[in-house]
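J.: Could you look at this predicted model? Sequence included:
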Amino acid sequence: MLSVPFRSAKQLAAMIRRKKIGCLELLDLYLKRVDQFNPKINAIIFKDVEGARKRAKLADRALARKEVWGPFHGVPMTIKESYDVMGMPTTWGVPQYKDNYPPQNALAVDRFLKAGVVLFGKTNVPLYLADWQSFNEIYGTTNNPWDVTRTPGGSSGGSAAALAAGLTGIEAGSDIGASIRNPAHYCGVYGHKPTYGICSPRGQALPGVVAASDISCIGPMARSAEDLAIGLEAMAGPDDIDGAGWQLRLPKPQKKSLKEYRVSVVYTDPEAEVDGEVQNRLRAVAEFLRNAKAKVVEDARPAFGSREAYRNYIQLLRAATSGRLTPESFQQNLAAFNTLDPDDDSYRAQMIRAQAMYHKDWLAYNEARHKMRLAWAEFFKDYDLLLCPTATTAAFPHNQKGERWERMILVNGKSQPSTTQMFWAGYCCNFYLPSTVAPAGFTSEGLPVGVQIGGPQYGDLTCIHFAKLLEEGFQGFVPPPGFEFES
């Protein structure tokens, strides 16, 4: 069994309930590890030690009265910086918000507290949560625990790095462009992007923003699939306004073993070529599934073109994030739109068109999306799940120069714009579908690779259950070298 700091939140909670370790004792263990290891990776960028120790003492007293707050009773937790937490800043990495201390918690934070966690800090993000690297002027750069010269991913990069390094017990991120899934893949942990709309994002927003964004979701991150299921149960459901009219009842998994599953495995795509090292790990997963008597089909996909899907996603994604633009940036993009070559199909050109489109054009893209969503529904009548890459490569070296689309990564020895990976981000999430990322092994350089497990709308628990079966038979969480020992 893994040493205490690397155990799942479920295991930690069980240890607490069995009096194998106290809540304050466990918190102090993590705080000591943060002091020792966090300077190396800069994942946790704010701590409330006094408040956390006070809550941990209350948790110990409650347990002495045989009172259990919830499934995560006493488990130390950090959370992505973009969630509102009273007494902690919410900046999204934006310098002008460095002194923003919200007056109340995000709904998801209150739900985790109700589940019993001891929240002690926040984890790093990129500027406006808009990068697959996690760095900003306020908090600096977060490093990947597997190789500190590389990115931990983004935008929930601090979350994934803290989990991988054994600095926290459970985490939560947000995802509009693989911001949960990509860091989980890069850091070798678990992440779940829920079906769109099942987790209220209230309080996970820029200051003053209350409207939910298109595409964007919040969801759990952890060191085990079971923790994802418990975390999702804690987070999911309507807020108090919507809860007056509807309840969430996610279907339970209908299958118990791998041999009952019928899955399609996709390794690469002309729109976003995937590095052979990543493909090799997906092929290893497919071979494991075949040996387990699962029905595995290669490259079966829904009935629409991948280029159509990718272009649709970028238009709707960049339309959704255009509200974050300053007035000056928006005017610059409008001016740039008028100078674009009609044949320019670069990421920058697509982004500018999305931010300058008429609402009538947005409605047309949205209509096309929903037709593809129906095609996905037809696909999942024949297949239980679709397995595919999370990104085109494993974690790449830090590169903070220029714009995102100007930064190149090496894929099979060729340069590829880092933004090309957005294809795999949108493959599920643009169509409201859930997807879970689970560890799938390592590259020849020893970098983690995750498999993305996509399922039908509201099939969240099936995605997570499949990840659990892989965890039990193929691979679970592995601590990165140099972080294994307890402090």
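T.: Everything's here; your move. Residues are numbered from 1 along each chain as shown.
J.: what does the lowest-mean-pLDDT helix or strand in the chain rub up against?
T.: When the helices and strands of the chain are scored by mean pLDDT, DSSP states H and E, helix 327-337 comes last with a mean of 91. Outside helix 327-337, the residues within contact range by CB atoms under 8 Å, 6 or more residues apart in numbering are 322, 325, 352-353, 355-356. From N, CA and C alone the C-beta is placed, and that goes for glycine too.
J.: can you name the two of these that are farthest apart?
T.: Leu325 and Arg353 (14.2 Å; CB to CB).
J.: thinking again about what came up before, need the buried ones from the contacts of helix 327-337 selected in PyMOL.
T.: Entered in PyMOL, the line below selects the buried ones among the contacts of helix 327-337, by 16 or more other CB atoms under 10 Å:
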select buried, resi 322+352+353+355+356
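J.: With secondary structure, pLDDT and distance to Trp146 added, can I get the contacts of helix 327-337 in a markdown table?
T.: Putting those into a markdown table (DSSP: H, G, I helix; E, B strand; the rest coil; pLDDT from 0 to 100; distance: CB to CB, whole Å) gives the following:
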| residue | secondary structure | pLDDT | distance to Trp146 |
| --- | --- | --- | --- |
| Ser322 | helix | 94 | 35 |
| Leu325 | coil | 87 | 34 |
| Ile352 | helix | 95 | 36 |
| Arg353 | helix | 96 | 37 |
| Gln355 | helix | 93 | 35 |
| Ala356 | helix | 92 | 40 |
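J.: between the contacts of helix 327-337, which is closest to Gly208?
T.: Leu325 (15.3 Å).
J.: ok, that closest one touching Gln355?
T.: Yes. Contact criterion CB atoms under 8 Å: Leu325 and Gln355 qualify, at 6.8 Å.
J.: What are the phi and psi values at Ala222?
T.: Phi and psi for Ala222, reported as degrees, to the nearest 10, are phi -160, psi -180.
J.: how many other residues sit next to it?
T.: 28 (other CB atoms under 10 Å).
J.: Now for it: which residues touch it?
T.: Ala222 neighbours (CB under 8 Å, 6+ apart): 8-9, 163, 170-171, 189-191, 228, 231.
J.: What about these, which are in helices?
T.: Among the contacts of Ala222, the members found in helices (DSSP state H) are 9, 163, 228, 231.
J.: Look up how far Ile314 lies from Arg307.
T.: 11 Å (CB to CB, to the nearest Å).
J.: Kindly indicate which of the ones in helices among the contacts of Ala222 lies nearest Ala425.
T.: Out of those, the member with the shortest distance to Ala425 (by CB to CB) is Leu228, at 18.6 Å.
J.: Next up, the contacts around the closest one.
T.: By CB under 8 Å, 6+ apart, the neighbours of Leu228 are 190-192, 220-222, 436, 464, 467.
J.: care to break this structure down by domain?
T.: Here the domain parsing of the chain from automatic domain parsing is 4-257+463-473, 306-366.
J.: most packed of those?
T.: Per residue and on average, the most neighbours among these fall to domain 4-257+463-473, with a mean of 22 (mean count of other CB atoms under 10 Å).
J.: That domain: how far from the chain's middle?
T.: 10 Å (CA atoms, centre = their mean, to the nearest Å).
J.: got the end-to-end distance for it?
T.: 22 Å (CA to CA, to the nearest Å).
J.: now do stretch 453-468
T.: 11 Å.
J.: any residues touching it, and which ones?
T.: Contacts of stretch 453-468 (CB under 8 Å, 6+ apart): 190, 192, 194-195, 198, 224-226, 228-229, 232, 236, 250-255, 258, 261, 373, 376-377, 380, 384-388, 427-428, 431-438.
J.: Need the pLDDT of the nearest residue to Ile176 once chain neighbours are set aside.
T.: Nearest non-adjacent residue to Ile176, counting by CB to CB, 6 or more residues apart in numbering: Ser216, 3.9 Å away. If you check Ser216, the pLDDT there is 98.
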